[in-house]
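Colleague: A predicted structure for the sequence below; I have some questions about it.
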Number of protein chains: 2
Amino acid sequence: MASTSTFSREALDQVLKRRFFFAPAFEIYGGVSGLYDYGPPGCALQANIIDTWRKHFILEEDMLEVDTTMLTPHEVLKTSGHVDKFADWMCRDLKTGEIFRADHLVEEVLEARLKGDRAARGVVEKAGDDEADKKRKKKVKEIKNVKLDDQEVKEYENILAQIDGFSGPQLGELMTKYNITNPATGGPLEQPMEFNLMFETAIGPSGQLKGYMRPETAQGQFLNFSKLLDFNNEKMPFASASIGKSFRNEISPRAGLLRVREFLMAEIEHYVDPEDKSHPRFDEVKHVKLRFLPKDVQESGSNKLRECTIGEAVESGMVDNQTLGYFVARIYLFLVKIGVNPDRLRFRQHLSNEMAHYAADCWDAELETSFGWIECVGCADRSAYDLSVHSARTNEKLVVRKALPSPVTVEKFEVSINRKKFGPSFRKDAKAVENALLNRTQCELEDLAAELKKEGKVSLNVEGLSEPAVITSELATIEKVTRTEHIREFTPNVIEPSFGIGRIIYSIFEHVFWSRPEDKDRCVLSLPPAVAPTKVLLVPLSSHADLSPIVKKVSAYLRKEQIPFKVDDSSASIGKRYARNDELGTPFGITIDFDSVKDASITLRERDSTKQVRGSLEDVVAAIKAVTYNDESWAEATKKLTPFEGQSGDA
Amino acid sequence: MASTSTFSREALDQVLKRRFFFAPAFEIYGGVSGLYDYGPPGCALQANIIDTWRKHFILEEDMLEVDTTMLTPHEVLKTSGHVDKFADWMCRDLKTGEIFRADHLVEEVLEARLKGDRAARGVVEKAGDDEADKKRKKKVKEIKNVKLDDQEVKEYENILAQIDGFSGPQLGELMTKYNITNPATGGPLEQPMEFNLMFETAIGPSGQLKGYMRPETAQGQFLNFSKLLDFNNEKMPFASASIGKSFRNEISPRAGLLRVREFLMAEIEHYVDPEDKSHPRFDEVKHVKLRFLPKDVQESGSNKLRECTIGEAVESGMVDNQTLGYFVARIYLFLVKIGVNPDRLRFRQHLSNEMAHYAADCWDAELETSFGWIECVGCADRSAYDLSVHSARTNEKLVVRKALPSPVTVEKFEVSINRKKFGPSFRKDAKAVENALLNRTQCELEDLAAELKKEGKVSLNVEGLSEPAVITSELATIEKVTRTEHIREFTPNVIEPSFGIGRIIYSIFEHVFWSRPEDKDRCVLSLPPAVAPTKVLLVPLSSHADLSPIVKKVSAYLRKEQIPFKVDDSSASIGKRYARNDELGTPFGITIDFDSVKDASITLRERDSTKQVRGSLEDVVAAIKAVTYNDESWAEATKKLTPFEGQSGDA
């Protein structure tokens, strides 16, 4: 079946286009880079994958699904850090006006030089690479066969293994050091500059409320945390989930569905006690064997995979905790269920300088395609970062209160405010100063207490105030007190599995696409029946009037059993009609012939093997349902049916 | 059950908020007008309504579903007319900076004056109106009891009946004539100005490609017309459909979910032969009785409904054609299925000056709420407008080619171009001039032919050229020729049913909300079981350990039968637990008590009647499925079960 050595991206592209799985949006207007429309089969495949996702994650774990807005005001994304940090590095050629994404440019140029080096050394490349390169519309059009120093080859390989970890200035240094210029003209490029990836707009008729199209679905979930906790009757741990479109203004999107400006995401925010990240169902998955690319391996310049069970990975500390590990394993099971080839799936750990500063650990599920290994699912432990920043900004408590099994005595620093003097002293800023004082960690309070005792006053920077606020011991005191506590209050940590549905869909296309060995023009998409757009193609052998009542009867039965099917009663040969549906990924065919008129039997064809069996309508449909919805094998499900060699036309 | 006379919008709002059906987005940041998030029950209700819509329309008619992008480049929406015409009229108070939507302001002020007039005349108002007015956050806060002239009352009523039909300048005239000023201050307002409702953004790093968030899902479907026709094997008629978010930058959104800036739409574009708008399945719906508000009635200043079957409406010509009528009836059947009260549903025809200039006919399904009659579904015959303008702009043929039953001989005007001279004569503009010449109607060509013959040349305005192109008879000829044609080529007309899902959801909330007569604080949402967020609440009578194996067994069985359910094993009383779920619209409750331990029987409770019946797990679940998925009545479905008066706690 699908094999990398014979894979032709061009052939796949033609099938996807011919069958309208997807197409460039606004094509009759010349198209817009990074925007794609899904046609009927792509739309159905996407809906089936989302449906499977809902069952696999939301229903299985009783998650709380929400649907939040895409339009997001500036202040929210300023707080989350997106306004300042959600950017890529671009460099411009001032002469030609071209704009390059800096990390991609460095990667492509170094890869091209290594390729030229291999050619100069006479190393034979893998088949298919050339064609892939051509279709990739790379900036580097021409590979020069120039042999490099052994030392330089090593340096390039080392850089490429860590390419996701460089800052803009570091990329600039690499460009200078290795003389990376505009590949087309050789002309000089500006130093990398930050480009924010959010689409900006203005909300309301005055144009004064700045907003963005959301770059992820996470923030809407965090902002509803308190309502969701309340809805869940205050029970912890729990998760929210959201499925919806997000937007990223990519600098120069290529690579089809893999890098787009508008995309469907499915995200889970699982809230967990930071002191207990065990997972009650971890035992159910601990035996799952996975292939890991941990950060120490990448940092040593290698990409050799480490294979072990998720149980071992958590035990050894490679994966930070059980809850993170539980989701890593569940992501694997989901991806394999919807058609990903497990041999072309790995979990890559983020490098220390690649990971957001707040994250405790992060693993990406990467799928191998002809474009390389592609990040398709992220699984991060975001710690308490998001809830903390939104809480600090809005002064709304986003915490969990948990009854302690028995009361505990704690010593802690507490602020008491002398209201009589505090208010009049700070007037309209009093509330802000108070919040700034109360929102301190215990360590900070300890320092402030010491300073207040020593100096009689402390200075505090308060957001919105131009000068630090000076708080004297007359206005407030900070003292260590002993309290008996019955309740523990904490900000939960967040484990976030985040799925890019379009990237997963494209990778699956590559994993399940193949041509019949006897005829390379007969292409097949071996989509798993559960996610295939249509389950059954119903074909009458001819347009003879005797057959049409049976077509009607079978149609009615399939509709009643809620099996998505299509009838093809065109005059094309049976073989042609099946070939068309092999390209659409339709797993089953039902043929109605003149024997069907006599004994009501029908033929069932399986897409991948083109094997046929025969039996009654009820038995055929039972077999289809068993394979599609109950995970039974073809052999098991068709036991009751008779092998059939008749009017195939598949030859 | 739900009744308008006792309806309290405040009570409904509290329930929707308390149960987190939806909430203002970004609430902890103070919120943004017109943006709402759906919590878990709202999200599930929305998903169930969409699922029902898919089955009722897409599956039933084999429509081609597509998923197209929301980001849309300027040129597409310029062609469709949205850049120039998709606007509301606003007027500003230059002193206070307030911005009003002109038509809403005129409507509110005149309504307030009529109300004051009625009070002055001693007319008693309907109960509930006052509270509704208060909650509506109307601009007119205070109603003055001033009696108006009888003539003035008539004029106001006449204007209000046609309020959707006025242009901006007309609204300005009304404001001057009736002295309409800022209701809060009495200060003067500017004349109405147009405000485009699209959210603008820039695509790509250079910022030079202007784009918008789509204001409707239709354009993406039109642009894919040729691919869809091809996918459908060139068969006509056919329909595409799309479900997704759209965006409108409303001037001052109020009224909760009824007027929002980001909303879910479901749209169908049904392509039909302009010469044959009959519908093969019209007979199936022709008996459906509907309530119409045709344009002649509105233009006479009345809002009296006309009741007849859709068959009669099409026959009399009130509804333009069968296909439009078919969808009007199907819309009615859909709305009633998902919970709309048919007595509070009417179809209002667009006024001639309200309708887009290209539309042949347009009917809105309007639902009655405490905010008045609300447009929830539009059903328009858009003629060939959209395909024609996109085709003219892009020079891509968006047509259907249909084999004629027998060849016909036609006389027509044809252009023939003298390529040798035409190209050199117009150089880089040659293509544009040629297209401008070829894209003429037969009538225009007839005129051009005459002029060319008489003058030896014609002048043609060509888009993109600053001067008219002069075409001499040397460059091209236009002549009447006789042809035998085997194919008829035509631009199909489009019938477009377009659903605003959020508005429908809110209207249904009002239609199904009521309080138990014995206790007005016990509120119920009588959502139809098929769309209710959760179908079953499972409650053990106590937390006694004996009951928990049965809870597990029942849970497993419900999960296997794919019935969405929730367990509530909290310590709250049974009555409290049911009351909570009445507010969530959960149609069924299963109670497990100590008799369940003995004989495995369980109790089934129906939400609206609070009636209970008892029987085996299998029989109870069969009854739930029959009512929820097979439209059976409660009485019919529970025949096998025994009435039960036991541990209700519902009192």
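Modeller: Perfect, I can see it now. Numbering: from 1, shown residues only, chains lettered A, B, ... in the order given.
Colleague: the strands in the stretch 451-600 of chain A, which residues?
Modeller: A:457-460, A:469-472, A:476-490, A:493-500, A:513-516, A:519-525, A:536-540, A:565-567, A:588-592 (DSSP state E, counting those that start in this stretch).
Colleague: and the first one, C-alpha only, in CSV?
Modeller: Presented in CSV, the C-alpha positions along strand A:457-460 are these (Å, rounded to 0.1, in the frame of the first residue of the first chain):
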residue,chain,number,x,y,z
LYS,A,457,8.3,52.9,53.7
VAL,A,458,8.5,51.0,50.4
SER,A,459,8.1,52.1,46.8
LEU,A,460,6.0,50.1,44.5
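Colleague: Output the contacting helices and strands for it.
Modeller: helix A:430-438, helix A:442-455, strand A:469-472 (3 or more C-beta pairs under 8 Å, 6 or more residues apart in numbering or on different chains; DSSP states H and E). All C-beta spots, glycine's among them, are computed from the backbone N, C-alpha and C.
Colleague: Phi first, then psi, for A:Met265.
Modeller: With angles defined as degrees, to the nearest 10, A:Met265 sits at phi -120, psi 160.
Colleague: Does it touch A:Ala241 like I think?
Modeller: No - counting by C-beta atoms under 8 Å, A:Met265 sits too far from A:Ala241 to count as a contact (10.8 Å).
Colleague: Who has more neighbours out of these two?
Modeller: Shown here are A:Met265 and A:Ala241; by other C-beta atoms under 10 Å in any protein chain shown, A:Ala241 has more neighbours (23 against 19).
Colleague: Helix, strand or coil: sort out that one for me.
Modeller: Applying DSSP: H, G, I helix; E, B strand; the rest coil to A:Ala241 yields a three-state assignment of strand.
Colleague: And the one 5 residues further on, by the same measure?
Modeller: A:Ser246 falls in the strand class when you classify it by three-state DSSP.
Colleague: circling back: intersection of neighbour lists for A:Met265 and A:Ala241?
Modeller: Counting by C-beta atoms under 8 Å, 6 or more residues apart in numbering or on different chains, no residue touches both A:Met265 and A:Ala241.
Colleague: before we move on, back to that, and the strands of the stretch 451-600 of chain A: which comes nearest A:Thr409?
Modeller: With C-beta to C-beta, the closest approach to A:Thr409 among the strands of the stretch 451-600 of chain A belongs to strand A:476-490: 5.4 Å.
Colleague: What residue spans form the domains of chain A?
Modeller: Domains of chain A are assigned by the TED database as A:9-68+A:214-385+A:495-499, A:69-86+A:198-213, A:87-196, A:409-486, A:534-643.
Colleague: For the ones you listed, give me CSV that also has mean pLDDT.
Modeller: As requested, the domains of chain A are arranged in CSV below (pLDDT from 0 to 100):
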stretch, mean pLDDT
domain A:9-68+A:214-385+A:495-499, 95
domain A:69-86+A:198-213, 93
domain A:87-196, 84
domain A:409-486, 87
domain A:534-643, 94
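Colleague: any idea how far the spatially closest residue to A:Lys412 that is not a sequence neighbour lies from A:Val410?
Modeller: Counting by C-beta to C-beta, 6 or more residues apart in numbering or on different chains, A:Lys412 lies nearest to A:Gln442, which is 6.2 Å off, once chain neighbours are set aside. The gap separating A:Gln442 from A:Val410 is 10 Å, by C-beta to C-beta, to the nearest Å.
Colleague: Please name the residues that touch the closest residue to A:Pro40 other than its chain neighbours.
Modeller: Spatial nearest neighbour of A:Pro40, excluding adjacent residues (C-beta to C-beta, 6+ apart): B:Leu64 at 4.5 Å. With contacts defined as C-beta under 8 Å, 6+ apart, B:Leu64 is in contact with A:Gly39, A:Pro40, B:Leu228, B:Phe231, B:Asn232, B:Phe238, B:Ala239, B:Ser240, B:Ala241.
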